Each structure stands twice: as structure tokens, then as C-alpha cells.
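Enquirer: Fold the stuff below for me.
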Amino acid sequence: MIERPAETQKPRAAIWLGFILMCLGMFMAILDIQVVATSLPAIQHALAISPDTMSWIQTAYLIAEIIAIPLTGWLTRVLTLRWLFVSAISLFTLASVGCAFSHGFAALIGFRLLQGFAGGTLIPAVFSAVFLLFPTRLHPIATTMAGITAVLAPTIGPVVGGWITETFSWHWLFLINVVPGVIAAAATPLLLPREKPDLAELASLDLASLALMALALASLEIALKQAPQHGWLSPFSAILFALSAAATIVFATRTLRAVHPVVELSTLDTRSFAIGCGLSFCLGVGLFGSTYLMPVFLAYVRRHDAFEIGTIMLVTGVAQLVTAPIAGALESRCDPRWLSAMGFGLFALGLGYSAFQSRTADFSEMFWPQILRGVAIMFCLLPPTRLALGALTAARVPDASGLFNLMRNLGGAIGIALIDTSLYGRTAEHAETLRERLIAGDVTAAQAIGLDVQLFTHPPAGISAATVEAYVRPMVERAAFALSVNEAWALLACAALLGLMLVPFAGRPPQQPR
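Expert: A predicted model of the protein is given here:
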């Protein structure tokens, strides 16, 4: 295991370059999810995949990723940070090539599973590296670099995916990973600190605990995917949730008693780390929820294509880039609790602002909410990372980083499931209410759906009811959908407020271990 560098030690340029390449690998893994999401219809058409199964292209990646994230600590102990990254980026690159040249649904799903598992280990490995490769005085700089990478990729993903889809073919969504992947895999063994792998850890691997963890996380991921459409209490969803809960309880009980645990859950005894994980969860709900909700609204209600949606969402990315160095500088000078509180307060404001957007909202109306969220996100990520991981010993950081990042991904999965529940469940109710108001002659309802008031109050003679319904129905559906989107924004704002309320429980800022 890497020892923490002495406070006076100056990292070699090679370590900085190696860390930059690690951030590049994480960026590729996070970006891959977004760029593929923008081109699912193109992949579906090319491989003749049924619409019902198309979403498994994403779900397969996410299931493998969420299983791999908490395993990163154990893999770091076995392979060392250096060889874990090399192995993960190599597998990710090879799996990307396999995805690009897949000729069928089964082959694509198989390579997506490999890609997701490799990508899942890259994310916590980078955050571990912040605290293992650099002395405390450089943590704000390294954390800022990792933070920018982690939050910028989801933001620019739609515009990159849209551009690739319109300019090239869907194969290049995966082939763009090859060149940076090869460079990172070839260079990092020469740049990162050399350690001796502990292959003896393989003999002590608790396969039963590993299987229980995989079962719990996979069941939860699938249940969250299915519940919005089929119902949270439907037999299928209920069985999956119960299976996940049972597997989690048995896994936690077994792991806490194990001499060589797969995941070091005892780290949650540290209050600052436990609260940091809670903050990471709340950030995941808002971060992944907002990057999912905006494209849905802009595509369905405003009829924008993927590239146009991406350009609108770049506002958040620019705000993040501008704010990152400020957040990094303040992090080393201010109490992380105050910075975290400011971040989640601004995040709640930016999310809540969008809950009042109109049906015709576009770039200008979405500009300031995006600015608020972009500024807030950096303060919701960097100080909580320091709060969670900064006081842990080097031996505990890899496992802790896995749990910390797992909570952000779980928050995103649950947030998206809640959003879909709102969209699927509430849109029909809003549409029925609007329809009843229109039948009653409510002029404000006509204005709400964008129907010309003059046309509504003085309809042309001789037009059949069927023609009127065919004309009005799409307008009602889009207006109802916009109302459901606003309710989903309010739901995300509540998650950010929950993060704000968690901050005081973190206690005094932790002291850096020697």
C-alpha cells in the first residue's frame, strides 16, 4: 500500500502526469455513459434491437459499474493502485473496441458489462490517488482536477454524443476511447509509484460476500429501472427490492465479522466519512437527475435534437470550470462544512428555480438556474470529498473511496427512478385536468398549452370534434409533461435541501492523520 507522502515532499512531475492520465481514464468512463445514451436509437436501428430491450445497453453498463465501484479497495490491495489502473483502462479500451465491432445484441451487452466493470473501478481509483499520491497541502489542487473531470463529463456528454452521431457513425461512440486508452495504459506504469502486488489477498477472497454484494446491487439497479413503469409495489419490483434488502443485510453482517472483508464497512464508524457519504448520495440525486431531466424536457417538449440540447447544457459545464479553481482555493482555507452548506444551499436554489420554468423554457430561461447549479456542484463535491476521505489513514482510503463514490451513483440511480415515476405517473393526471378545464371553456388552460385564445373562444365552423382533438392532444400532452418535469425539479431540490440539513452532523473538521 502507498504511504502518504510527507508534507514537505514535492511530488515528481511524473506523478502529476500519471494522475492527469488517471483523470483522463475516469473522464472517458463517465463520458461513455452519456454519449451512448444520446445515440441509443441509432444503435437500435443498426443492430435491429427491439425498443423494449434497447435500454439494456445502458443498464448492463450501470449494473457492472455499480458492482465494481465498492470492489476498488480490495482490488487496490491485490494489484496496487498502479496496476489496478493499468488493468482497468486496458480492459475498458478493449471492451470499447468490442462494443464498436459488435454485430448483435448479445455481444454488445457482454462487452458493455466488461466496459462498465472496468469503468467502475477507474472512478474511485482517481479519488483514492488524490489522498495517496499527494501531501495534504496539494489535496485541494488534486481534488479540484478530479472533481472537474467527474462532473464535467456528464455535462458535455450530450453535445459530444450528438456531434459524433451526426458527423460519424455510432461505432465512433466507442472508438473515441481507443487512443487515450492506449496512451494511458502504456504511460502510467512508468509514471505512478511502484509497489508490490499482494496476490495472497486472492486466496482470502470471500466469494460468498462478493456474490451477495453483486446480487444486492444488481437487484436494486434493475428494480429502480423497472419500478417507474411497472409500479414500485408491483410483484416484480417488490421481489427485486426484497431480494436486494435481504442480500444487503446478509452481506453487511458477514462482512463486518470477516477477517479479510471484500469491502471495509467499518469505515462508516467515522462520523465525518458517514456524513460525507450521505452528502455524496444527495449530490448524486441532483447531479445525475438534472443531467437526465434537462435533455428529456428539451427533447420532448421543445423538440431539440441531441446537439442542440448539448449546447444548451454547456452553460453548466462552463460555470463548473470557472468555479473549480475558486472552490479549490477556498477548500484549503475554509471549514469544509461551511463550503458544503453553501454548495447544497445554492444547489437547492438552482434546482428549485427550474421547478417554476414555463412550458416554453429554452436557453435564456434555463441560463441562470444552470449557472447556480454549475457553481454549486463544485462546492457539493470538493469539500465533502475532503470531509469524507481527508482524515482517513492511507490503508483505509481505497475502500472508503469506493463507498463514497458508490453512494453518489446510488443517489443518481434512485433520483432518476423517482423522476421517471413523476413523469410516468403524474403526466396523465395533469393531462386529464387540462382536458377537463378546456372542455369547461377555461381560457387560462388554453393559454397554458399554447393554444391561441382567439381560436379557442371562436373555433372555425364545420370542423369535426375528431379534428379538434387531433390538433389539441399533442399540445395537452406536452404541457402536462412540462408540469410533471417541474414537479421532478422540486423533488431534486428537496434532495439538495436534505444534503444541507446533513452538514451540521459532520462535526468538527477532521485532522489529517500522520
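
Enquirer: Count the neighbours of residue 199 for me.
Expert: 9 (other CB atoms under 10 Å). From N, CA and C alone the C-beta is placed, and that goes for glycine too.

Enquirer: before we move on, what about the one 3 residues further on?
Expert: Here the count is done by other CB under 10 Å, and residue 202 has 11 residues near it.

Enquirer: Now do the contacts for it.
Expert: Shown in contact with residue 202 (CB atoms under 8 Å, 6 or more residues apart in numbering): residue 78.

Enquirer: tell me what the helix or strand residue 318 falls within is packed against?
Expert: According to DSSP states H and E, residue 318 maps onto helix 306-331. For helix 306-331, the packing partners by 3 or more CB pairs under 8 Å, 6 or more residues apart in numbering; DSSP states H and E come out as helix 139-167, helix 271-300, helix 336-354, helix 363-389.

Enquirer: Just the angle for that helix relative to helix 271-300, thanks.
Expert: Between helix 306-331 and helix 271-300, the angle comes out at 160 degrees (axes from the mean of the first three to the mean of the last three CA atoms, to 10 degrees).

Enquirer: Extract the CA atoms of stretch 100-118 and return them as CSV.
Expert: Taking Å, rounded to 0.1, in the frame of the first residue of the first chain, the C-alpha atoms of stretch 100-118 are listed here in CSV:
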residue,chain,number,x,y,z
ALA,A,100,-17.8,-0.9,-31.7
PHE,A,101,-17.5,-4.1,-33.7
SER,A,102,-20.4,-6.0,-32.1
HIS,A,103,-22.8,-7.4,-34.7
GLY,A,104,-25.6,-8.4,-32.4
PHE,A,105,-27.4,-7.5,-29.2
ALA,A,106,-25.8,-10.3,-27.0
ALA,A,107,-22.2,-9.5,-28.0
LEU,A,108,-22.8,-5.7,-27.3
ILE,A,109,-24.3,-6.5,-23.9
GLY,A,110,-21.4,-8.7,-23.0
PHE,A,111,-18.8,-6.0,-23.9
ARG,A,112,-20.9,-3.3,-22.1
LEU,A,113,-20.7,-5.4,-18.9
LEU,A,114,-16.9,-5.6,-19.2
GLN,A,115,-16.7,-1.9,-20.1
GLY,A,116,-18.9,-1.0,-17.1
PHE,A,117,-16.9,-3.1,-14.6
ALA,A,118,-13.6,-1.5,-15.8
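
Enquirer: quick one: buried residues of that stretch?
Expert: Within stretch 100-118, the residues that count as buried by 16 or more other CB atoms under 10 Å are 100, 102, 105, 108-118.

Enquirer: and the residues you listed, which two are the farthest apart?
Expert: 105 and 118 (20.7 Å; CB to CB).

Enquirer: before we move on, the earlier item: now do the helix holding residue 318, average pLDDT.
Expert: For helix 306-331, the mean per-residue pLDDT is 88.

Enquirer: Sketch out the helices for the stretch 401-514 of the chain, chain order is fine.
Expert: 443-449, 453-457, 465-502 (DSSP state H, counting those that start in this stretch).

Enquirer: Of the ones you listed, which is nearest residue 238?
Expert: Judging the helices of the stretch 401-514 of the chain by CB to CB, what sits closest to residue 238 is helix 465-502, at 22.2 Å.

Enquirer: Scan this protein for its longest helix.
Expert: Secondary structure of the chain per DSSP state H: the longest helix is helix 56-100.

Enquirer: Which SSE is immediately downstream of that helix?
Expert: helix 105-133.

Enquirer: Show me where the stretch 301-450 of the chain dips below the pLDDT cut-off.
Expert: Along the stretch 301-450 of the chain, segments meeting pLDDT under 70 are nowhere present.

Enquirer: Least confident secondary structure element in the protein?
Expert: The helix or strand of the chain with the lowest confidence, counting by mean pLDDT, DSSP states H and E, is helix 51-54 at a mean of 73.

Enquirer: Low-confidence bits of this protein, can you list those?
Expert: Using pLDDT under 70, the chain drops low at 1-10, 51-52, 509-514.

Enquirer: got the contact list for residue 251?
Expert: Counting by CB under 8 Å, 6+ apart, residue 251 has contacts 209, 212-213, 216.

Enquirer: ok, it to residue 262 distance?
Expert: Counting by CB to CB, to the nearest Å, the separation of residue 251 from residue 262 is 8 Å.
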